[in-house]
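Visitor: Structure of the sequence below:
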Amino acid sequence: MTDKPKASSNRPEKISAIREVTALVEKSDYCFVLNYGGLTVSAFSSLRQALRKASSSVKVVKNAYLSRAAAEKGWTGLDAVLTGPTAMVTGDGDAAEVAKVIVEFLKKNEKASVKGAQLESSMLDAEQVKALSELPSKDAMRGSLLGTMLAPATSMVRVLAAPLTSVLYVLKAKEEKDGSAA
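Guide: Take a look at the predicted model:
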């Protein structure tokens, strides 16, 4: 059994590349790991554009560099998916929105696939990433929560206003009755 290559070198270009990957991982809340093998340049560019709208970016990386960056961030379990051609999707937006973009892209481009993802301290497999993409966005969940929290207050206002409304209906009926008698 061979060990995976370690990301270490004295060459300035490798040190720079390792620092770049580490910086991207450090400022990111998540890291989706994709197998991009077989994608055309135009397909990869369309993925890049779609992810830009979701406040994230995609970068082709060496497995050893990503492994080192993940270890520095304290993410565990990512090494298991670091084989073959790897692209990482990082950012600080809504991870569910990014997962939706990735899954939609993969439906059109079957040559690529999700290897896994690191979401805060949790490692997700490809099926869990698909499940994450089916969740509503943070804004939709916040709206639902706000509606749930406001429902009792709205009901209470209706209950408190009911006696006053009843009195107004009685007065309106009396007025109409007196108006028709005249």
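Visitor: The worst-scoring helix or strand of the chain on mean pLDDT - contacts with which helices or strands?
Guide: Lowest mean confidence among the helices and strands of the chain (mean pLDDT, DSSP states H and E): helix 138-181, at a mean of 77. Applying 3 or more Cβ pairs under 8 Å, 6 or more residues apart in numbering; DSSP states H and E, we find helix 138-181 packed against no helix or strand. All C-beta atoms are positioned from the backbone trio N, CA, C, and that covers glycine.
Visitor: Relative to the whole chain's centre, how far out is it?
Guide: 39 Å (Cα atoms, centre = their mean, to the nearest Å).
Visitor: What are the boundaries of the helices in this structure?
Guide: 12-26, 41-53, 63-73, 95-108, 126-133, 138-181 (DSSP state H).
Visitor: orientation of the least confident helix or strand of the chain relative to helix 95-108 in degrees?
Guide: 110 degrees (axes from the mean of the first three to the mean of the last three Cα atoms, to 10 degrees).
Visitor: what's the distance between the closest residue to residue 33 other than its chain neighbours and residue 106?
Guide: Counting by Cβ to Cβ, 6 or more residues apart in numbering, residue 115 is the residue found nearest to residue 33 once chain neighbours are left out, at 4.4 Å. Distance of residue 115 to residue 106, given as Cβ to Cβ, to the nearest Å: 12 Å.
Visitor: about what we covered before: residue 79 is nearest to which of the helices of the chain?
Guide: helix 63-73 (5.4 Å; Cβ to Cβ).
Visitor: mind saving the C-alpha coords of the closest one as PDB?
Guide: Listed in PDB are the C-alpha atoms of helix 63-73, where the atom choice follows Å, rounded to 0.1, in the frame of the first residue of the first chain:
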ATOM      1  CA  ASN A  63      -5.100  16.300  -3.700                       C
ATOM      2  CA  ALA A  64      -2.000  16.800  -1.400                       C
ATOM      3  CA  TYR A  65      -2.500  20.600  -1.300                       C
ATOM      4  CA  LEU A  66      -6.200  20.200  -0.300                       C
ATOM      5  CA  SER A  67      -5.300  17.500   2.200                       C
ATOM      6  CA  ARG A  68      -2.800  19.800   3.900                       C
ATOM      7  CA  ALA A  69      -5.200  22.800   3.900                       C
ATOM      8  CA  ALA A  70      -8.000  20.700   5.400                       C
ATOM      9  CA  ALA A  71      -5.700  19.400   8.100                       C
ATOM     10  CA  GLU A  72      -4.700  23.000   9.000                       C
ATOM     11  CA  LYS A  73      -8.300  24.000   9.300                       C
END
